[in-house]
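Give me a 3D structure for the following:
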Amino acid sequence: MINPTLSKKSEKLLTVTDNAKKLFQVIYQEQNKEEKKDDLPKIQVSDLISKMAFYYEKIRNSVDYKEEHLLRKNAIDRILKRQIVIEGVMQIKSLNSQEISRHLLIELIRAGYLVNNKIPEKKINEVRKVIDKYLNLRNYFLQSNSKKTIQEKNELSKFIISMCACDIEEKLGRNKIDMTVVDIMFNVLDKNISIKEEFEFEKDRKIQIYIGIYRNFLKFDNDMLGFILFKYFNENWDKASDDEIKRVAQDLVFIKLAIDKQLNHFFEGQMNRIISRYTVFFNVLIDVVAEDPIGTYSSFKNDPKAFPRQIKKICNIKYNQAGAKKWRAAIRSIIYIFITKSVFVFFLEYPIVMFLDGHVQMTSLAINISFPVVLLFIIVLFAKVPGDNNSEKIIDGINEIVFVENEKKEPFKLKKPIEKKGVLNTIFGIIYFSTFAFSLWAIVLFLEKLDFNWVSMIIFMFFLAFISFFGIRIKKGVSELLVLEPKESILGLLIDFFYVPIIIAGKWLSEKFSRINIFVIILDFIIEAPFKIFIEIAEAWTKYVKERKDEIV
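Numbering: from 1, shown residues only. Next up, the predicted model:
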């Protein structure tokens, strides 16, 4: 009889990479880090008054759809613009950066972006130094570029304030694990991405990998990516002297052009496809390690099969979370669309049709009001979460990161896009426009059968394009977990052929109409400033009453 121990294959032990060891160490240290207690005075606001500011912020965010992780940075940007540009114009004396800093932090605490009674008062001075630097940059730029048009000055002034907001957001603290992963991802991708016979773009390759990680892993928007590049082009910016600030002010136009060039680089699409996959690998790996850093590391020797099981378990959790997040985003989007678009339709379509025709078709009006919500619901309903095949691919990707023996042997090769010849490009453009025109024509024929007039048709098609693009954004949370290449089919190709132009039109409309969101304009320029003054007075009153009460006791 054969001894079963002789036939049993020994598990091959794998070598853990230095990058993986570093990740394990940082996660373990952060989990076991003791919170430092200090007696430093903290910024404290009234909890009761803060609730009003908190709910105001919720209302404002519901009519200005932005990603949740960008809300604090956007709030900083909005507050700075109000205090520096809007309120600053009305002030006779020069801007007081100390007061701007104090008001900024207090407003962020009231709105729930910072924890009450946790931020030390010394943070006011730290933020003041940042604001001073950008106010000086703005003043030097306006002085050295007096011949530029008002539009050019306004555009660069807006850019400076955005950089200031991003700088303050960074100073308020970043997650140590996230920043460690950024460094590790760069080390991995720097080895795994090369350029095919285009050595003159080597410097761009490194820059594109770096901002690609921030774009995909940390989900930075263009302002935040611009700030990363701004610091890259100005290495000493954190400790910039007055002379350095003057130099940056003189070169600001060229710096902005260099930033825009990198943000719109022809490598971006190729980089995103590669880095988005590694983003999934690292996000799952972080959660696996965070569950039990010591146990997971020990399993490499004691139970090699445990690691893949843990990865698959986390994948399933993430798939469920993505499904729930998809519906939360859909509900938030429906509220946003109903408030900013559907109500607008009622107040636009009804009077125009009455003025031109004298008769309102209630069917078309009802469809245009309800259609956005129904279409969005259908798009989200058919957004399926990934399956086990996707999890197996993630296991392979994580093994590549964690174990030396599984490291990628052949790097990804980036190619410089081939410039399309004039004739071929023209033919493609004509075909593309023709499919878009055909799609619109088919929709018009369908709407005519429902007795839509031309006003109702325009509104319907506006919503079709707008919601189609919005649906893609909502499905992004699910599609971001996909590392498998989607299967191609004739039906899918036909749908893309006629539907993608509508989505692109929706993207264009979304970008244009987001700038003229009437509800945001009303809130930011008419309601917010008086409301914040009311909050300040209410806060001062509660403090006064409390002091009088303490005197009685």
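
Regarding this structure, what is its longest helix?
When the chain is parsed with DSSP state H, its longest helix is helix 306-337.

Quick check: buried residues in that one?
By neighbour count with 16 or more other CB atoms under 10 Å, helix 306-337 contains the buried residues 307-308, 310-312, 314-315, 318-319, 322, 326, 329-330, 333-334, 336-337. The C-beta positions use only the backbone N, C-alpha and C, and glycine is treated the same way.

what does stretch 291-301 give?
With burial defined by 16+ other CB under 10 Å, the residues of stretch 291-301 counted as buried are Pro293, Thr296, Tyr297, Ser299, Phe300.

Same check on stretch 210-219?
Neighbour-count burial for stretch 210-219, counted by 16+ other CB under 10 Å, picks out Tyr210, Ile211, Gly212, Ile213, Tyr214, Arg215, Asn216, Phe217, Leu218.

thinking in terms of the whole chain, how far from its middle is the longest helix of the chain?
Distance of helix 306-337 from the chain centroid (CA atoms, centre = their mean, to the nearest Å) equals 17 Å.

could you give me the average pLDDT of that helix?
Average pLDDT, helix 306-337: 84.

Only C-alpha atoms, please: export stretch 463-478 in PDB.
Extracted C-alpha coordinates of stretch 463-478, given in PDB (Å, rounded to 0.1, in the frame of the first residue of the first chain):
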ATOM      1  CA  PHE A 463     -33.000  64.200 -20.600                       C
ATOM      2  CA  LEU A 464     -32.200  61.100 -22.600                       C
ATOM      3  CA  ALA A 465     -28.600  62.300 -23.200                       C
ATOM      4  CA  PHE A 466     -28.200  63.700 -19.700                       C
ATOM      5  CA  ILE A 467     -29.500  60.600 -17.800                       C
ATOM      6  CA  SER A 468     -27.600  58.200 -20.100                       C
ATOM      7  CA  PHE A 469     -24.400  59.900 -19.100                       C
ATOM      8  CA  PHE A 470     -25.500  60.100 -15.400                       C
ATOM      9  CA  GLY A 471     -26.300  56.400 -15.400                       C
ATOM     10  CA  ILE A 472     -22.700  55.600 -16.600                       C
ATOM     11  CA  ARG A 473     -21.300  57.600 -13.700                       C
ATOM     12  CA  ILE A 474     -23.500  55.700 -11.200                       C
ATOM     13  CA  LYS A 475     -22.600  52.300 -12.700                       C
ATOM     14  CA  LYS A 476     -18.900  53.300 -12.300                       C
ATOM     15  CA  GLY A 477     -18.800  52.000  -8.700                       C
ATOM     16  CA  VAL A 478     -19.700  48.500  -9.900                       C
END
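
before we move on, which element is the residue nearest to Phe307 when sequence neighbours are not counted in?
Leaving aside its chain neighbours, Phe307 sits nearest to Ser299 (5.6 Å; criterion: CB to CB, 6 or more residues apart in numbering). Secondary structure assignment for Ser299, by DSSP states H and E: helix 293-302.

Show me the contact partners of that helix.
Applying CB atoms under 8 Å, 6 or more residues apart in numbering, the external contacts of helix 293-302 come out as Leu13, Leu14, Val16, Phe24, Ile27, Tyr28, Gln31, Val288, Val289, Ala306, Phe307, Gln310.

what does stretch 207-227 give?
Counting by CB under 8 Å, 6+ apart, 67, 69-70, 73, 77, 159, 162-163, 165-167, 169-170, 178, 181-182, 185-186, 189-190, 193, 228-229, 232, 259, 262-263, 265, 267-268, 271-272, 274-276, 279, 282-283 sit against stretch 207-227.

go on, stretch 467-487?
Outside stretch 467-487, the residues that touch it by CB under 8 Å, 6+ apart are 276-277, 279-281, 315, 318-319, 322-323, 325-326, 329-330, 333, 337, 371-372, 375-376, 379-380, 383-386, 389-390, 393-394, 397, 492, 499, 502-504, 506-507, 509-510.

Of these, grab the buried ones for ChimeraX.
Buried residues among the contacts of stretch 467-487 (16+ other CB under 10 Å), as a ChimeraX selection:
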select :276,277,279,280,281,315,318,319,322,326,329,330,333,337,371,372,375,376,379,380,383,385,386,390,393,394,397,502,503,506,507,510
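
show me where this structure has strands.
Taking DSSP state E as the criterion, the chain carries its strands at 193-195, 412-414.

Of all those strands, which one comes closest to Leu40?
When these are compared by CB to CB, strand 193-195 sits nearest Leu40, at 44.9 Å.

For that closest one, what is the distance to the chain centroid?
Distance, centroid of strand 193-195 to centroid of chain: 26 Å (CA atoms, centre = their mean).

and the angle from the helix holding Ser299 to helix 306-337?
Helix 293-302 and helix 306-337 are oriented at 140 degrees to each other (axes from the mean of the first three to the mean of the last three CA atoms, to 10 degrees).

Quick one: mean pLDDT over helix 293-302.
Taken as a whole, helix 293-302 carries a mean pLDDT of 88.

circling back to that earlier point, same list (the strands of the chain) but as CSV, adding mean neighbour count and mean pLDDT.
Compiled in CSV, these are given as follows (neighbours: other CB atoms under 10 Å; pLDDT from 0 to 100):
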stretch, mean neighbour count, mean pLDDT
strand 193-195, 18, 88
strand 412-414, 16, 87
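
Select, out of the ones you listed, the one closest to Lys532.
Proximity to Lys532 (CB to CB) singles out strand 193-195 among those, at 47.0 Å.

Show me the chain divided up by domain.
Domain ranges of the chain: 40-173+221-265+518-547, 276-514, per automatic domain parsing.

Just put the ones you listed in CSV and tack on distance to Asp204.
Shown next, in CSV, are the domains of the chain (distance: least, CB to CB, whole Å):
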stretch, distance to Asp204
domain 40-173+221-265+518-547, 6
domain 276-514, 10
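
and Phe201, which of those domains is closest to it?
Going by CB to CB, the one of those nearest Phe201 is domain 276-514, 7.2 Å.

ok so, going back, go through the domains of the chain and name the closest to Glu202.
Closest to Glu202 of the domains of the chain is domain 276-514 (CB to CB; 10.6 Å).

ok now that closest one, how far from the chain's centre?
Distance of domain 276-514 from its chain centroid, counting by CA atoms, centre = their mean, is 15 Å.

where do the helices sit along the stretch 451-553 of the chain?
In the stretch 451-553 of the chain, the helices defined using DSSP state H, counting those that start in this stretch lie at 454-479, 490-514, 518-522, 528-552.

Check those helices for me: which has the lowest mean pLDDT.
helix 518-522 (a mean of 56).

Many thanks, we can stop here.
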